[in-house]
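J.: Sharing a model that was predicted from the sequence below.
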Amino acid sequence: MDSPERAGTPTPNPLDAERARLRKEGFTDHQIRQIFMAREFAAPTQATGGAGQGVMTGVFSRLGAVLSHARGILPSIKTDLAKLFDRAASPPVRVKAAGYLALMAAVIVVLAYAVKQESQQHIISATEIAASQVETTAAEAEIQKIDAKIKKATDDTPMPEITTPAKGSFAVRKPTTTGK
């Protein structure tokens, strides 16, 4: 655990050295926070080389939003977990941290469920729709073939004339005059 000489000092993090350097340069704490925030918000938009990313649409846009939200609350989750398991913290502080953790988990679960539903609707249904369209196109092509065969068969064969039958007699077919 912690050594006795470090018992009252917080553990240093990577930003402490940068914060100390900025203080030496004459920046105030407010300016240092603004610098850190500007760096944090500018970090995702920096060019990584190569082709840039296109605009995400549909499911990937929603998934990106959920992941961005989860990434944004990670420091809060870390802090609340530390409060929750800190034996020196008062019970109301620990209960409040547990409540915030439950709320954040519920929000992430709801957003993830929404993304799952949309992916099922768009991605999975898209394959079913495409398969249905292929079947429909094949059926329409088959119908056109059959119609073409019927048309060809009826165009080549002359239809005989049928006279109205008299009562008690059969219809008499007139001979066709097709030049034979």
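T.: Arrived safely, thanks for sending. This one's a predicted model, so the numbers in the text were calculated from it and none came from an experiment.
J.: Could you use CA atoms for every contact and neighbour count after this?
T.: OK.
J.: Kindly confirm my reading that Ala148 is in a helix.
T.: Yes. According to DSSP: H, G, I helix; E, B strand; the rest coil, Ala148 belongs to a helix.
J.: What number of residues are in the vicinity of it?
T.: Neighbourhood size, Ala148 [other Cα atoms under 10 Å]: 12.
J.: One more: Leu111?
T.: 19.
J.: And the pLDDT for it?
T.: On the pLDDT scale, Leu111 is placed at 82.
J.: Verify the contact between it and Leu67 for me.
T.: No. Taking contacts as Cα atoms under 8 Å, Leu111 lies outside contact range of Leu67: 9.5 Å.
J.: Low-confidence stretches in this structure?
T.: 1-11, 42-59, 123-124, 156-180 (pLDDT under 70).
J.: in stretch 115-126, what's buried?
T.: For stretch 115-126, the neighbour count (16 or more other Cα atoms under 10 Å) marks 115, 118-119 as buried.
J.: typo on my end, it should be stretch 78-96
T.: 80-81, 83-84, 94.
J.: who's in contact with it?
T.: Applying Cα atoms under 8 Å, 6 or more residues apart in numbering, the contact partners of stretch 78-96 are 97-98, 100-101.
J.: which among those residues end up buried?
T.: Using 16+ other Cα under 10 Å, the buried ones in these are 97-98, 100-101.
J.: which among those residues gets closest to Pro12?
T.: Distance to Pro12 across those (Cα to Cα) is lowest for Ala97, with 23.0 Å.
J.: For the closest one, which residues are in contact?
T.: By Cα under 8 Å, 6+ apart, the neighbours of Ala97 are 80-81, 83-84.
J.: ok, now with 10 Å
T.: Counting by Cα atoms under 10 Å, 6 or more residues apart in numbering, Ala97 touches 76-77, 79-85, 91, 103.
J.: Show only the entries of those residues found in helices.
T.: 76-77, 79-85, 91, 103 (DSSP state H).
J.: what helix or strand is Val66 on?
T.: Taking DSSP states H and E as the definition, one finds Val66 inside helix 58-85.
J.: Quick check: which element contains Ala89?
T.: Here Ala89 is assigned to no helix or strand, by DSSP H and E.
J.: do the one 5 residues further on as well
T.: Using DSSP H and E, the secondary-structure element containing Arg94 is helix 91-119.
J.: Tell me what angle that helix forms with helix 58-85.
T.: On the basis of axes from the mean of the first three to the mean of the last three Cα atoms, to 10 degrees, helix 91-119 is oriented at 170 degrees to helix 58-85.
J.: Would you check that Leu22 makes contact with His30?
T.: No. With contact defined as Cα atoms under 10 Å, Leu22 does not count as touching His30 (11.3 Å).
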